[in-house]
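Asker: Show me how the following folds:
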Amino acid sequence: MLKTPPLQTASATIDTLCARLHSATLREDRRAAILGLRSFAKQYPASVASGSLRELLTTLRRDGLGEAGSTTDGLGRDGRRGSAAEGGDVDTIRLVLETLLMLFNPDSSSPEASDEIAYFMADGFSMRQDNVTLLLSLLDPASPFADYYSRLYSLQLLSAICAARPERLQECILGAPLGVSRLVAVLDDARDAVRNAGLLLLVGLTSGANEELRKIVAFEDVFAKVFSLIRAEGGLAEAGITAQDCLSLLANLIKGSPSNQTMFRESGCVSQMIQMLAHAFPPSAPEAAFLAQAREKAAWGLLRLLELFLEPGETSTAQNQAGFFRAGTAQVLIDLAYVAELPPPIRTLALKCTAALIASNPPLQEAFAALTIEAASSAPPELKVATQTNGSRSGHSSAKGSARPSAERPRHYIIEALLDLTLAKAQGDSLLRAAACSLIQSYLTTHDRIKAHFLARAIGGHADHEVAANVLNTLLHPDAGDAASVMYASWIVSDLVDDQLEAKAALAAVIEGNENEGEDVLTFIQALGSQLQAALQPADERLVGAYAGLLTVLLWDFAEGVNNLLAEGSGLLQALVAAVSPASGDSLVAGLSAVLLGTIYEFSTKDSPIPRRTLAPLLTQRLGRSKYLDALSQLRRQPAIRDFDLDEPADEALLSRNFTDIFMLEFSRLRKAIDKDPGVEVLPFSIAEDGVDRDVLDELRQQVQTAKEALAAALEEKMKEQQVREQEVMAREKEVQTASAEVERLRRINGAMQVGHEGELEGLGRRHEDVLARIQGEHQRAFETSKVEGERKLEERLREQGVAAAQKVQEAEQKAVEIGNTHRDEQSRHSEMARQLQALTAQHTELGTREVEVRRRFEDLTLRHEKITREHGVLRTQAEQTGSELERVRAESEARRESIVKFEAEMQELREELAGREAELATERAGFGDLERELEGVKASLVAAQTQANAPVGSTVADDADVQRLLAEAREAEKVAKEELEGMLLLMGDLEAKKDVYREKVKELGGSVSEEDDEEEDDDEEDEGADEEGVD
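Answerer: Alright, predicted model coming up:
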């Protein structure tokens, strides 16, 4: 009884099919195996991919493209090389590509479905450059296998690989010959599916790609191809998703690439882009909803693309701004912004693009003010503008034509329209009004002359009580329920006065109120303070942010403005202190109030209407230091301020960028302001600007340093003089002591002399008593006189000697000091001269050496210059000759190409002739063997005849005659054999010569001679050599 065969599982079937695909020798068997694997690919992708991916690639290369299995991918699992190529097969290519696509996109319900399969497949393709090159070769229009499905499936496979391993695929495409060119050429395909697949592949490939790949793609004239594709599809409205994909590709190529942006401008694509942007206007006739939606999406993408050219801070932004403005982009954008039929997001984006177009570019800002927009015939809110605003008066002149064709209507200057949209349209879209305000700020940024003109017009309009949109009127007379207008007006005025002392002074001089009508007269700053005080009761965040932020910017480093506010600011101070209290519960209002209080205290003076010593207790005692610092910290943690430098400004921001800049930069200064001594005042900016010059300050510092050095030198000299005086006093005291000792010694001598003289007088007294009695009186008087005179002269002499000794000592010391200084100066001069002499000697030696070296180099350079000149002439002549030779070679190349076919025919004839010659040579060789055997027989007969001839004499005459006859016949046969052998050798030599000539022709034509033919030739030559030795 037969057994029931075992149930075959899917895994076993897949393994069997993989083994069959690997081992099958017939193309039909392999195709059947691929069909079986394709049926399992959706449900069992992991099993099919792990077992057959390598064989599928090998089959694609071998059976599909008809390549021999000579690469590594053509090797089986056991290293067996595939069979020889049998020619390409489009059906096999389609089957293999479909199977591979199914493996990339399995059924979601499959038990083996996972993202890892896509990574495994992508790695299998991208690990080898040849696999990606194989898919790219199917995109070549000249390939016989590049049919519709081959190109489509290849592009889809590349897209799947790009989704999994984009970096590796980019490297493979860059390494493949003509890889990028073939991808870009797909955009010219007439079949929509192939072209769209290529477009999606380029979008995915350039998203996040390196700069090199994006440059190569842009160099393939992709910009013109994309615009042509959009036009071919019917423009922005009818192109639909294709237009959006095209814009995505352009955005990927343009973003952050100055070189591609330059190529875009220089290739004339700016005008094409603006012409396409002009198609974003809705048509006059009604259109289908899906067409309007497609046009709006494409217009949004086109405006986003424009923003990429206008990134602030990039090196190419200024050139991009000039190029787009010359093409009329600004006029098209503002016309788009004032089309009421377009959705607000597109109009808002158009205004933002216009702001980026003129930002920080003074020539464009000036030209922008001359643009006009068309007034509405009816009353759409965004198109009605007043007759006069801050900038200039309206007129019917249209210096710049609108990009939107329509009937002739009155036109208004763009600044008027923007102010009207920003300040007078309370019911308008908030994002649109914010974008209009941003455009006005871009118009004012970094252009002081425009700021001064704008402010003068605003002040003049306020003084004349004009009803047109005016930033000052909006701030001083806000409309109820329209806090946004006040906020936008405060932003504009903040831009006007930021770091502009003259603008601050001009605003401080503006007067509000009519004294003749009994109204309170307030300055502009005091009126802002009153509005802020009203906004704090109860607190309105938008109004408080507008007024407090503007006052902070206006009063910062402006002491006169602080004094102006404090003249009527007691109530405001009380309201600000109450707002900082934690009981208010609003951290934003508390922080803004604290910032304004800190600014007022920081720049107040003792001469302010409320002096600093009065303000200090208000902050430190009534408010409290901790509350003040906590309010500042809470404001610092607000997302709008915390993330100001990280994110783009939000559309619904409450604070101006000028206030945020000041707060971020001066945060530590505001924290320290409350701890500052009330007696210490900040130097006003005006005084610092007028009274401090850096050169004068440096000169004063130098003078102070010189005075300090002179004072130190004087003190040192004084100390030296004091030391000298002390030494002189000590020397004089010593001299006086010496003189006193000398006087004492003389006195002792004189006493001794007196004692001796008295003894002598006593001895002689007896003999000369009379004489002594007579002269004693005179002698005593003379002695006393002499003694007094001697002591006086001695004292005078001692005094003179002391003075002279002191003078000599002083002069000697001075001379010693001078001699010491002179000696040191001379010694230093001598050392310096010795060093200079040594340095000059070394320099002289070095200069001599360098002179010799320079002369030698100059001679060498002269010779080299002459040689290079001669070589240049020779090279120029050679270049001309090479050019003519190149033309000749090109002509010869064309002739050779034509003769290749002829040579190939001759090669075939030579092969056939060679085969015939080889057959004839084999026949001749066989005959040559017969002749050799016959010759051996003749030689044997000759030997026998000679033997008989040498026989004994007893032989008969008849035998002798027979022998002679046989000998003659043998010799004749030998002669004939030798002649035939020589003829055969000559014939073989001719055949070998012809064979050599044939081989040379084959080599010249690019063919090759097999080693077996060379070995047979060598064997034949050895056989011939052996035969010749045998014959000899």
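Asker: From now on I want contacts and neighbour counts done on CA atoms only, so please keep to that.
Answerer: Will do.
Asker: show me where the stretch 501-650 of the chain has helices.
Answerer: Residue ranges of the helices in the stretch 501-650 of the chain, as given by DSSP state H, counting those that start in this stretch, are 501-508, 524-535, 541-555, 559-566, 570-580, 587-602, 612-617, 625-636, 639-642.
Asker: Ok, the stretch 151-300 of the chain next?
Answerer: Here the stretch 151-300 of the chain has its helices, by DSSP H, counting those that start in this stretch, at 166-175, 179-185, 192-206, 211-219, 222-232, 235-239, 241-254, 258-266, 269-278, 289-309.
Asker: Can you lay out the ones you listed as TSV showing mean neighbour count?
Answerer: TSV is the format used below for these (neighbours: other CA atoms under 10 Å):
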stretch	mean neighbour count
helix 166-175	19
helix 179-185	20
helix 192-206	21
helix 211-219	17
helix 222-232	18
helix 235-239	22
helix 241-254	23
helix 258-266	17
helix 269-278	18
helix 289-309	20
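Asker: where among those is the average confidence lowest?
Answerer: Least confidently modelled of the helices of the stretch 151-300 of the chain is helix 235-239, at a mean of 80 by mean pLDDT.
Asker: Output the contacting helices and strands for it.
Answerer: Under the contact definition 3 or more CA pairs under 8 Å, 6 or more residues apart in numbering; DSSP states H and E, helix 235-239 sits against helix 222-232, helix 289-309.
Asker: Next one: Val736 relative to Phe325, how far apart?
Answerer: To Phe325, Val736 is 103 Å away according to CA to CA, to the nearest Å.
Asker: Any idea which of the helices of the stretch 151-300 of the chain gets closest to Val577?
Answerer: Closest approach to Val577 among these (CA to CA): helix 289-309, 44.9 Å.
Asker: For the closest one, report the contacting residues that lie outside it.
Answerer: 236-241, 243-244, 247-248, 250-251, 254-256, 261, 277, 280, 282, 317, 320-321, 342, 346, 349-350, 353, 356 (CA atoms under 8 Å, 6 or more residues apart in numbering).
Asker: Next secondary structure element downstream of it?
Answerer: Where DSSP states H and E defines the elements, the next helix or strand beyond helix 289-309 is helix 317-326.
Asker: Identify the residues contacting that following helix?
Answerer: With CA under 8 Å, 6+ apart as the contact definition, helix 317-326 has outside contacts at Gln261, Arg265, Val270, Phe309, Leu310, Glu311, Ala330, Leu357, Ile358, Asn361, Leu364.
Asker: Now it: buried residues?
Answerer: Of the residues in helix 317-326, Thr317, Ala318, Asn320, Gln321, Gly323, Phe324, Phe325 count as buried by neighbour count, 16 or more other CA atoms under 10 Å.
Asker: Please work out the average pLDDT along it.
Answerer: Helix 317-326 comes out with an average pLDDT of 94.
Asker: Report the next helix or strand after that helix in sequence order.
Answerer: As assigned by DSSP H and E, the chain's next helix or strand after helix 317-326 is helix 329-337.
Asker: That following helix - contacts with which helices or strands?
Answerer: helix 269-278, helix 344-358, strand 372-374.
Asker: again, only this time at 6 Å
Answerer: Judged by 3 or more CA pairs under 6 Å, 6 or more residues apart in numbering; DSSP states H and E, helix 329-337 is in contact with helix 344-358.
Asker: what's the angle from the helix it packs on to helix 289-309?
Answerer: Angle, helix 344-358 to helix 289-309, by axes from the mean of the first three to the mean of the last three CA atoms, to 10 degrees: 20 degrees.
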